[in-house]
Each structure stands twice: as C-alpha cells, then as structure tokens.
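sequence unknown, structure follows:
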C-alpha cells in the first residue's frame, strides 16, 4: 500500500483515478481547491487537503510523507491565456517545488496532453521523441508545465503522460460529441480533410497512469530541449480513426444506422467559436468551443503512437474502441444524459446527483 496524492481529484479523470487507487488498497490524499466539489462517493474514504496550485504556501501539507503524486490539476479552457499559464505552468511549478523539497521526494506523474506535443502529418503519428510543436495556448501552457518539472528531474522522480482525446462517463466536455448525434443524427467534423485522431477511454487512461507510477521510466535529463522521449508516454487506444469515423461509432452505439457528417470550413469554425466565446463571456461562462480549440482543430492530424507504453509498461486498452463507446453511451442512457432537451446545467446537476448515490 502506498501513500498517494491526487491533485485535481474532483475532476472527471481525477475522480475515476482516485476510485481505482482506493480499490487497489492505497491511502489516497485528495488535494482540491474546494472540498465541497469532491465526489460524495469519495468522502470518508480519502484524506482531503485544501489547496490552490497558484498559491504555493497552501500546498505544503498535502505532500508530506507521500510515495506517489498524480498531478492532474489544470485548466483545459479559460477566458484568458494568462489563466491557463497561471495554473498549467506556474501551478505545476509550485506543486513540483513542494514535492522535490520533501526529505524523500515522491514519484511524480504529470498528466500533460497531446496538445503539448502538437499535431502531426497524416502518415506519421506523433512519437515521444518528436520535438514538441504546440499550436494552441492550452498546448503551450501544458508544455511549459512539462519543462519546469523537467528542470527538477534530478531531485524529483518524474514521468510524463500525454493523453490524447479522453472520453468516458461523467464528462460534460466529451459528451458534447455524443449529444448532437443522439438528438439529430448529425456529427460536426472540423476541417474538410479526414485527419486521423487518437482517443482513449478514461478507464484505460487511469490504468496507464497507475502503470506509469509503478513501472514507468523516469526523466533524467534536465535539458528543456531534450527530445529523447525518456520517461514520456502517449496515452491512446490502439486504433487509428478519423473524427468522422469516431462519430460513426457513436451513432452505431446509439442505434443509428446512418449519421450525417457536417464538415466545417475554416472560416465557419472560427466564426462559430468566436461567437460562442463572446456570448459565454457575457454570461460569465467559459465554453469548451473557443478560438483556442479551433486552432487545434484546423492544425492537422492529432494522432499519436501508443507503442512505447505497450513496450515499456505492458499497456493496452482493456476493450476495443467500439466497446468503450458503447459502454459510454450505456452510461449516458442510464443516467439520463441523453434525454431530449437536457441542458448543460441539468447535466452537471445530474452528475452531482449520481455521485451522491
């Protein structure tokens, strides 16, 4: 049994990872900004530490006497680029500093993103040894998080995991791909070109994170521009698929024989993202569809190789992609998320009700 810290434990992936660590018999300490947002299913089963990654002084108690740290706390979307960097770069620096200053620094698994590596050519999937070339502010902020941790790697046993597109039960962001197919049989695919993408189910990602902590190689080079790929792993399913084909899998899981794929020209994608971002800003919200995400969508193929994780960690998805999509759809149905006309606020409320059961 290990003493483990999960930052961002009240998030979509953090909640599921914490559940799996508890099932494995570990003592888990959840570091969260607001303890009230922690899943009720975890309360009483974990030690809760309140802290904000932007404020280093609030973090020290969470990392005393621990063996492993899974750093998931981060922003995927924000109104301002400065907010992304404050959490994904400076916040990661603060967490890493607290860990390396411990008498016995813990194994540190940083959950980065494929966005930190950048897109690839259609015929050549991204590999861990490729020089990173992010195209979005989000990707740049995650890469900066990687680099500040790499600078500590002589004192901090560090492994970086870069997930591809993550989907699974309980996530409103990935559900945005499922809802229009369920309601209208329509799947909006960015760009007119059928670029390949990589995706991974949340359950498979959690298993890979645990494997990386227990058996992963550690980064030994502190050089910011080291591109050996040592101690870095992409997290992806084994299947090569396009965005349109992923929509077809969702349609099949929903029982639709055919779906209509609507391909957006570049100007339309940016116009829609700009409008959505402006309206959301007036309402005080931060949408997942924004200009920064459009930069990623139109940049090329988002396809990476999972060969290294398979070779070094023995990792492979526990089910096919079609089976994982079906499992996700079944969960949405069971929890009422596919009910016609259900709003985003209702989805969030439904998720909170689910977590109390």
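Great, that's in hand. Bear in mind that the values here come from a model prediction, so they are computed numbers and not experimental data.

now do the strands in the stretch 151-300 of the chain.
158-163, 165-167, 186-190, 196-197, 199-201, 232-235, 241-242, 260-264 (DSSP state E, counting those that start in this stretch).

list the contacts of the fifth one.
Outside strand 199-201, the residues within contact range by CB atoms under 8 Å, 6 or more residues apart in numbering are 163-168, 208, 235-237, 241, 246, 317, 319, 321, 324, 327-328. (Each C-beta comes from the backbone N, C-alpha and C, glycine too.)

what do you get for the third one?
By CB under 8 Å, 6+ apart, the surrounding residues in contact with strand 186-190 are 177, 180-181, 242-244, 247-248, 250-251, 259-264, 269, 294, 297-298.

let's see that with 7 Å instead.
180-181, 243-244, 247, 259-264, 269, 297-298 (CB atoms under 7 Å, 6 or more residues apart in numbering).

starting at the chain centroid, how far to that strand?
Relative to its parent chain, strand 186-190 has a centroid offset of 21 Å by CA atoms, centre = their mean, to the nearest Å.

also the second one?
Averaging C-alpha positions (CA atoms, centre = their mean) puts strand 165-167 7 Å from its chain's average.

neighbouring strands of that strand in the sheet, and parallel or not?
strand 199-201 (parallel) (DSSP bridges).

off-centre distance for the strand it pairs with?
10 Å.

which parts of the stretch 101-250 of the chain are helices?
114-117, 137-150, 172-184, 202-215, 243-253 (DSSP state H, counting those that start in this stretch).

single out the most deeply packed of the ones you listed.
Of all the helices of the stretch 101-250 of the chain, helix 114-117 has the most neighbours on average by mean count of other CB atoms under 10 Å, namely a mean of 26.

can you spell out which helices and strands pack onto it?
Secondary-structure packing of helix 114-117 (3 or more CB pairs under 7 Å, 6 or more residues apart in numbering; DSSP states H and E): helix 137-150, strand 158-163.

who wins for proximity to residue 303 among these?
Nearest to residue 303 among the helices and strands packed on helix 114-117 is strand 158-163; the distance by CB to CB comes to 12.7 Å.

quick one: that closest one to helix 202-215, angle?
Strand 158-163 runs at 160 degrees relative to helix 202-215, counting by axes from the mean of the first three to the mean of the last three CA atoms, to 10 degrees.

can you tell me how far residue 46 sits from residue 212?
21 Å (CB to CB, to the nearest Å).

flag the shaky bits of the chain, pLDDT-wise.
340-357 (pLDDT under 70).

which helix runs longest in it?
helix 266-282 (DSSP state H).

between it and strand 260-264, how many degrees?
Interaxial angle, helix 266-282 versus strand 260-264 (the same axes, to 10 degrees): 90 degrees.

fine by me, we can end here.
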